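Undergrad: how would this look folded up:
(chains A, B, C and D)
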Number of protein chains: 2
Amino acid sequence: MLAAREPVTLRALVEGTGASTMAVYTHFGGMPGLWSAVRQEGFTRLAARLAAVPRTGDPVHDVAAHGVAYARNALEAPELYRAMFDARADLADAEAADATFQRLVDAVARARDEGRLDPGTDPLALATRSWAAGHGLVSLVVQGVLPAAVLAPQASATTVALLTAAGDDPDRCRASVERAWAAG
Amino acid sequence: MLAAREPVTLRALVEGTGASTMAVYTHFGGMPGLWSAVRQEGFTRLAARLAAVPRTGDPVHDVAAHGVAYARNALEAPELYRAMFDARADLADAEAADATFQRLVDAVARARDEGRLDPGTDPLALATRSWAAGHGLVSLVVQGVLPAAVLAPQASATTVALLTAAGDDPDRCRASVERAWAAG
DNA sequence: GGCCGTAACATAGCAGCGCTATGCTACGGT
DNA sequence: ACCGTAGCATAGCGCTGCTATGTTACGGCC
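TA: Sure thing, here's the model as predicted:
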């Protein structure tokens, strides 16, 4: 129904399922609970995506690969991505989202610890910066403001800029990041 | 009503105004039209903000100043910013939004033409990159996912990274950008 | 100056929404 | 064999955006 742009109403949901509207209240407690479950499903899928990113010998590539996985997850289920960051429902499952975000923080920390980034780099701050930039790009694409074709080159360029500013060698960084986007 | 987190309903809107629900249909054609007008007002205010950014002798500072104005506009009316990018209403006033965005493109082009950025810099691409990153950061802050305190340092760092990657001198860039954020 | 066409509005009521009170039904423990 | 409980179907509540209809007030025309 999300993909078909149909309004998601309680009555339309149960129609054809043989169940009544009460089933939604038994299992989800109401429409807000159902939306919350949908959002949680979105974070679960994203977490699975990021967990599937392999750890290679190139930590900068791995950081970029997290971004690729993030973008692919959003583009393959844009409605779910939009629901995840919908403003009308407060996201109470912040701990699950935080755990997922921590994977990116760890990847950044590894790139620093293995000497690709400045020793003084704050992994949390850089990961936050990268996530925010990627989120903005993905949001605008998912919403149709920007065409999907700009996502890969823009995300790639932004990642290179952020990691280069954090100390990585520009050429080496570009190679690592573009390899991640080419593979994804 | 947006600021008070109250649901914006037709009947609640006209209550106390002496008008009836029909006035909304006469002037806006319905609730979607009213939301569209609200969003357009948001873009109008943003355009006014960006138009008020003075042109100084430092084009990189001016680029960053556009970001500062963008962020201030969003933080001073977060509900309006959220409405502007609400997914449930398609934004048909894309031409107005484009005209506003063009200001940033022009600022980037000036920074390139005055020699601060690489001659091969694509102003549209770099402006898009900057806007997307800023939009992501502002969205997460406005939605309460990130604390407001991280906005200035993160936006500043991202801007420096993007403009440095485009060819500006790192130290000079940092000085220009941080001066913009300190002034804003 | 008297008339009317039109634009704007108030009123009442429509279908649809999320939600809940109530009663039925089918299952598991004693 | 019994009953307590979990789950669900039904009916209906208040509210939503919206519309059909009647009313009013203003501006152009003879």
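Undergrad: Spit out the contact partners of the residue most central in space within chain A.
TA: For chain A, the residue lying nearest the average C-alpha position, counting by CA atoms, centre = their mean, turns out to be residue A:70 (3.7 Å). Each residue near residue A:70 by CB atoms under 8 Å, 6 or more residues apart in numbering or on different chains is listed here: A:46, A:49-50, A:134, A:138. In short, each C-beta sits where N, CA and C put it, glycine included.
Undergrad: Filter these down to the ones in helices?
TA: Taking DSSP state H, the ones among those that sit in helices are A:46, A:49-50, A:134, A:138.
Undergrad: ok, of the residues you listed, which one's closest to DNA strand C?
TA: Distance to DNA strand C, by CB to the nearest atom of the strand, is smallest for residue A:46 among the ones in helices among the contacts of residue A:70, at 25.5 Å.
Undergrad: ok so, going back, of the contacts of residue A:70 - the most surrounded one?
TA: Per-residue neighbour counts (other CB atoms under 10 Å in any protein chain shown) across those peak at residue A:134, which has 26 neighbours.
Undergrad: Could you report the pLDDT at residue A:88?
TA: pLDDT, the model's per-residue confidence, is 72 for residue A:88.
Undergrad: just the CA coordinates of the helix or strand hosting residue A:173, formatted as CSV?
TA: With secondary structure defined by DSSP states H and E, residue A:173 is part of helix A:170-183. Output in CSV follows, covering the C-alpha atoms of helix A:170-183 (Å, rounded to 0.1, in the frame of the first residue of the first chain):
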residue,chain,number,x,y,z
PRO,A,170,43.2,12.0,-1.3
ASP,A,171,44.1,9.6,-4.1
ARG,A,172,44.1,6.5,-1.9
CYS,A,173,40.8,7.6,-0.3
ARG,A,174,39.1,8.1,-3.7
ALA,A,175,40.2,4.7,-4.8
SER,A,176,38.9,3.0,-1.7
VAL,A,177,35.6,4.8,-1.8
GLU,A,178,35.0,4.5,-5.5
ARG,A,179,35.7,0.8,-5.3
ALA,A,180,33.0,0.4,-2.7
TRP,A,181,30.5,2.2,-4.8
ALA,A,182,31.5,0.3,-7.9
ALA,A,183,31.0,-3.0,-6.1
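Undergrad: So which elements touch that helix?
TA: Contact partners of helix A:170-183 among helices and strands, from 3 or more CB pairs under 8 Å, 6 or more residues apart in numbering or on different chains; DSSP states H and E: helix A:59-76, helix A:151-165.
Undergrad: Give me the angle between that helix and helix A:59-76.
TA: Angle of helix A:170-183 versus helix A:59-76, following axes from the mean of the first three to the mean of the last three CA atoms, to 10 degrees, is 40 degrees.
Undergrad: now what about helix A:170-183, what contacts it?
TA: Counting contacts by CB under 8 Å, 6+ apart, the residues outside helix A:170-183 that touch it are A:58, A:60-62, A:64-65, A:67-68, A:116, A:152, A:155-156, A:159-160, A:163-164, A:168, B:165.
Undergrad: Quick one: distance of that helix to the chain centre.
TA: Its chain's average C-alpha position is 19 Å from that of helix A:170-183, according to CA atoms, centre = their mean, to the nearest Å.
Undergrad: and what of stretch A:35-53?
TA: The mean C-alpha position of stretch A:35-53 is separated from the chain mean by 9 Å, CA atoms, centre = their mean.
Undergrad: and it, C-alpha only, in PDB?
TA: Only the C-alpha atoms of stretch A:35-53 are listed here, as PDB (Å, rounded to 0.1, in the frame of the first residue of the first chain):
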ATOM      1  CA  TRP A  35       3.600   2.500  12.200                       C
ATOM      2  CA  SER A  36       6.100   2.000  15.000                       C
ATOM      3  CA  ALA A  37       6.400  -1.700  14.100                       C
ATOM      4  CA  VAL A  38       6.900  -0.700  10.400                       C
ATOM      5  CA  ARG A  39       9.600   1.700  11.400                       C
ATOM      6  CA  GLN A  40      11.200  -0.900  13.600                       C
ATOM      7  CA  GLU A  41      11.100  -3.400  10.700                       C
ATOM      8  CA  GLY A  42      12.900  -0.700   8.600                       C
ATOM      9  CA  PHE A  43      15.700  -0.400  11.200                       C
ATOM     10  CA  THR A  44      15.900  -4.200  11.500                       C
ATOM     11  CA  ARG A  45      16.500  -4.500   7.800                       C
ATOM     12  CA  LEU A  46      19.000  -1.700   7.800                       C
ATOM     13  CA  ALA A  47      20.900  -3.300  10.700                       C
ATOM     14  CA  ALA A  48      20.900  -6.600   8.700                       C
ATOM     15  CA  ARG A  49      22.300  -4.800   5.700                       C
ATOM     16  CA  LEU A  50      25.000  -3.100   7.600                       C
ATOM     17  CA  ALA A  51      25.900  -6.300   9.500                       C
ATOM     18  CA  ALA A  52      26.400  -8.000   6.100                       C
ATOM     19  CA  VAL A  53      29.100  -5.600   5.100                       C
END
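Undergrad: List of residues touching that stretch?
TA: Defining contact as CB under 8 Å, 6+ apart, one finds that stretch A:35-53 is touched by A:28, A:62, A:65-66, A:69-70, A:72-73, A:77, A:80-81, A:83-84, A:86, A:89, A:91-93, A:96-97, A:99-100, A:103-104.
Undergrad: returning to that earlier point: adding distance to DNA strand D, write the helices and strands packed on helix A:170-183 out as JSON lines.
TA: Rendered in JSON lines, the data for the helices and strands packed on helix A:170-183 read as follows (distance: least, CB to the nearest atom of the strand, whole Å):
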{"stretch": "helix A:59-76", "distance to DNA strand D": "30"}
{"stretch": "helix A:151-165", "distance to DNA strand D": "33"}
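Undergrad: Ok, which of those comes nearest DNA strand C?
TA: For DNA strand C, the closest of these is helix A:59-76, at 25.0 Å, according to CB to the nearest atom of the strand.
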